[in-house]
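In: sequence unknown, structure follows:
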């Protein structure tokens, strides 16, 4: 509930009045079950905080009262996740050495209307807090700071390597990788005389490429605390929002309306159980290729741009295929080039480099450019000759027969999840394109069992790709 009173002292007084009224009605009975220190910190840091102009819902209050070091909030749309996360970040801004960080996966998501930066400006623009736009940081009279950041590509996490925070919040956690999330724990620290508790907080819906690791950590294994919330827990939400949720497809509706963590729609072409995992490099590979599917849109384009993916794959003398590495990232054209060159050096001289060639002269120019940059290495352009589904069928056939192995690595879960939901609309398929490109080249040029397993036969373009 937003308290629309401009004067800070009057607003705090009004917030306290509303809080008492709600408590008398029994809305906050659970507060008395918490330790006195937690309740005092909640009242002082949230209710009496002049920089927070809103009264938390009961579920948000439960989230803000938690003294667990690691908490996930939400699980469905409309539960007030972002607002709860912002309140949590502002809870200790009256303490001099307090430093808070709020993260989204990419910068455009931070600046969307109703997003974290927009909401913070609505709350703080008329207060004594000062905004430093170049640093994306609010500084408070106490000297405390609240910074907004993003991790577009994996190496962006290192921009926080020399900093320390007492609060780190992830908005839409399932858009991040587990490695990015765990790395930020190294930035969660304080001096011995700092009274502020260290808190890692997150909010999300049960969607996105990181759904599985988040579900495993917070829901299945219960390694960390989870506070579920849905639109039913937000009494201030307009009832028309429910009508909007009813128009979603059944799977998405279960995820966003009900917060169902187990709702997943399979694509039908791949089953994760078909892929055995391996740890050690397989010996005596006949051939290795790295297939690059380069994103045609930059990371700043739209809310959810495509990914650049490079899949390293090999085949042995027995006709078994191994997914050795998947490098998946969103980056500028210059960074993409650097990453391709770096992988080429790392993969070694005997690894063939394949680059998907887009239609038209521009696609050929990109391939020719990398042939010059990678002079001395074997580089081919590869033109798609069939639709995505047809190009994926040969890999599906071999995987079902138990002839495709995947390295057990941090990227494996996301990779197999994308395969399992392909070709579901609205879900990225860049990793599918890349691994199928690598596999189809190997089965045409490098396999020893090219006529085995059904409708797979040698021939130019027969597997959906043509090498140039």
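Out: Thanks, I have the structure now. Keep in mind that what you see is a predicted model, and the values were worked out from it rather than measured.

In: Give me the pLDDT for the closest residue to residue 177 other than its chain neighbours.
Out: Spatial nearest neighbour of residue 177, chain neighbours left out: residue 210 (6.2 Å); criterion: C-beta to C-beta, 6 or more residues apart in numbering. Bear in mind the C-beta positions are built from the backbone N, C-alpha and C, glycine included. With respect to pLDDT, residue 210 scores 86.

In: List the buried residues in the helix or strand where residue 433 lies.
Out: The secondary structure element spanning residue 433 is helix 430-445 (assigned by DSSP states H and E). Neighbour-count burial for helix 430-445 flags 430-444 (criterion: 16 or more other C-beta atoms under 10 Å).

In: list the contacts for the residue nearest the centre of the chain?
Out: In the chain, the centroid-proximal residue (C-alpha atoms, centre = their mean) is residue 175; its distance is 1.8 Å. If you count contacts by C-beta atoms under 8 Å, 6 or more residues apart in numbering, residue 175 has them with 104, 105, 204, 208, 209, 210.

In: change it to 6 Å
Out: Residues near residue 175 by C-beta atoms under 6 Å, 6 or more residues apart in numbering: 105, 208.

In: Also residue 399?
Out: Contacts for residue 399 (C-beta under 6 Å, 6+ apart) come out as 274, 275.

In: how close does it sit to residue 432?
Out: 12 Å (C-beta to C-beta, to the nearest Å).

In: Please apply the same query to residue 406.
Out: Residue 406 is 13 Å from residue 432, by C-beta to C-beta.

In: what do you get for residue 83?
Out: On the measure of C-beta to C-beta, residue 83 and residue 432 end up 36 Å apart.

In: Can you list the low-confidence ranges for the stretch 251-400 of the chain?
Out: Filtered on pLDDT under 70, the stretch 251-400 of the chain yields the residue ranges 251, 264-266, 296-304.

In: what are the ranges of the helices in it?
Out: 333-347, 361-373, 388-400 (DSSP state H, counting those that start in this stretch).

In: And the pLDDT at residue 453?
Out: Confidence score, pLDDT, at residue 453: 29.

In: Same check on residue 102?
Out: Residue 102 is assigned a predicted lDDT (pLDDT) of 96.

In: Surely it touches residue 148?
Out: Yes - assessed by C-beta atoms under 6 Å, residue 102 is found in contact with residue 148 at 5.3 Å.

In: Between these two, point out the one with more neighbours.
Out: Legend: neighbour count by other C-beta atoms under 10 Å for residue 102 and residue 148, higher for residue 102 (27 against 23).

In: number of nearby residues for residue 155?
Out: 12.

In: cool, residue 161 as well?
Out: Counted with other C-beta under 10 Å, the neighbours of residue 161 add up to 9.

In: Repeat that for residue 49.
Out: The number of residues packed near residue 49 is 20, by other C-beta under 10 Å.

In: So what does it have for phi and psi?
Out: Dihedral angles of residue 49 (phi, psi; degrees, to the nearest 10) stand at phi -90, psi 120.

In: Identify the residue spatially nearest to it, adjacent ones excluded.
Out: Take residue 49 and drop its neighbours on the chain: the residue closest to it by C-beta to C-beta, 6+ apart is residue 90, 6.3 Å away.

In: measure the one you found to residue 293 for me?
Out: Relative to residue 293, and taking C-beta to C-beta, residue 90 is found at 42 Å.

In: cool, and residue 6?
Out: Taken as C-beta to C-beta, the span from residue 6 to residue 293 is 53 Å.

In: again with residue 44
Out: Residue 44 sits 52 Å away from residue 293, going by C-beta to C-beta.

In: Have a look at those two and say which one is more surrounded.
Out: Ranked by neighbour count (other C-beta under 10 Å), residue 44 and residue 293 place residue 293 first, with 27 against 13.

In: quick one: low-confidence parts of the stretch 1-150 of the chain?
Out: For the stretch 1-150 of the chain (pLDDT under 70), the answer is 1, 3-4.

In: swap the cut-off to 80 and go again
Out: 1-8, 75-79 (pLDDT under 80).

In: Can you show me the strands along it?
Out: In the stretch 1-150 of the chain, the segments counted as strands under DSSP state E, counting those that start in this stretch are 70-75, 99-104, 130-132, 137-139, 145-150.

In: In a markdown table, list those strands along with distance to residue 368.
Out: Output for those, formatted as a markdown table (distance: least, C-beta to C-beta, whole Å):
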| stretch | distance to residue 368 |
| --- | --- |
| strand 70-75 | 48 |
| strand 99-104 | 37 |
| strand 130-132 | 45 |
| strand 137-139 | 45 |
| strand 145-150 | 34 |
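
In: Ok, which of these comes nearest residue 244?
Out: Among the strands of the stretch 1-150 of the chain, the nearest to residue 244 by C-beta to C-beta is strand 70-75 (17.4 Å).

In: Partner strands of that closest one and their direction?
Out: According to DSSP bridges, the neighbouring strands of strand 70-75, each with its direction, are strand 199-204 (parallel), strand 225-229 (parallel).

In: Residues touching the first one, excluding its own?
Out: If I follow you right, that is strand 199-204. Contacts for strand 199-204 (C-beta under 6 Å, 6+ apart): 70-74, 81, 85, 88, 167-174, 188.

In: Break the chain down into its structural domains.
Out: Here the domain parsing of the chain from automatic domain parsing is 8-256, 272-467.

In: now these as TSV including distance to residue 262?
Out: Putting those into TSV (distance: least, C-beta to C-beta, whole Å) gives the following:
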stretch	distance to residue 262
domain 8-256	8
domain 272-467	14
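
In: show me what contacts residue 179?
Out: residue 410.

In: same thing with residue 111?
Out: Residue 111 neighbours (C-beta under 6 Å, 6+ apart): residue 117.

In: can we see that at 7 Å?
Out: The neighbours of residue 111, taking C-beta atoms under 7 Å, 6 or more residues apart in numbering as the test, are 117, 118.

In: separation between it and residue 209?
Out: Per C-beta to C-beta, residue 111 is found 22 Å from residue 209.

In: Kindly spell out which helices and strands sit in contact with the helix holding residue 433.
Out: strand 285-293, strand 308-316, strand 321-329, strand 351-356, helix 388-400, helix 412-421, strand 465-467 (3 or more C-beta pairs under 7 Å, 6 or more residues apart in numbering; DSSP states H and E).

In: how about 6 Å then?
Out: Counting contacts by 3 or more C-beta pairs under 6 Å, 6 or more residues apart in numbering; DSSP states H and E, helix 430-445 packs against strand 285-293, strand 308-316, helix 388-400.

In: Just want the angle from the second one to helix 430-445.
Out: Pointing back at strand 308-316 there. If you take axes from the mean of the first three to the mean of the last three C-alpha atoms, to 10 degrees, strand 308-316 sits at 30 degrees to helix 430-445.

In: can you list contacts of strand 308-316?
Out: If you take C-beta under 6 Å, 6+ apart as the criterion, strand 308-316 is touched by 282, 285-295, 321-329, 336, 343, 430-431, 434-435, 438, 442, 446-447.
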